[in-house]
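> sequence first, then the predicted structure:
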Amino acid sequence: MSSARKTPPPKRRAPPKTGARKPLAEELAHDAVAHEKAAPGDRVELVFRVRLPRPVAEALTARAVREEKNLTALVAEILEAEARRTSPSLLQRADQVIE
């Protein structure tokens, strides 16, 4: 009898897990915004700083003065308009809440 050992067969890899999916950007955004401070009218208060080239900041400020708005309100309107333009289906719910 030989004393040679038999090597075990190679192990098979487990099949990849199915059903697990990467969360959608919208789901992640919903969770992130859920932690923000609430504001009147189904809104949230987001606080951040923006660094802009001086000419851009001056142009935005001049526009706010012409439209008799404060700069914060003007920037909020610009951001909302851009969000509506680029993601109209996502903002239909927001429009229904506001009306």
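Sure thing, it's come through.
> so who does the nearest residue to residue 73 once chain neighbours are set aside touch?
Of all residues not flanking residue 73 in the chain, residue 64 sits nearest, at 7.6 Å (Cβ to Cβ, 6 or more residues apart in numbering). Placement of C-beta: from N, CA and C, glycine included. Residue 64 makes contact with 70, 71, 73, 74, according to Cβ atoms under 8 Å, 6 or more residues apart in numbering.
> which of those count as buried?
Applying 16 or more other Cβ atoms under 10 Å to these, the neighbour count classes residue 74 as buried.
> so of the contacts of residue 64, which ones are in helices?
Of the positions in the contacts of residue 64, 71, 73, 74 sit in helices, assigned by DSSP state H.
> closest one of the residues you listed to residue 85?
The nearest member of the ones in helices among the contacts of residue 64 to residue 85, counting by Cβ to Cβ, is residue 74 at 16.5 Å.
> contacting residues for that closest one?
For residue 74, the residues meeting the contact criterion (Cβ under 8 Å, 6+ apart) are 60, 63, 64, 67.
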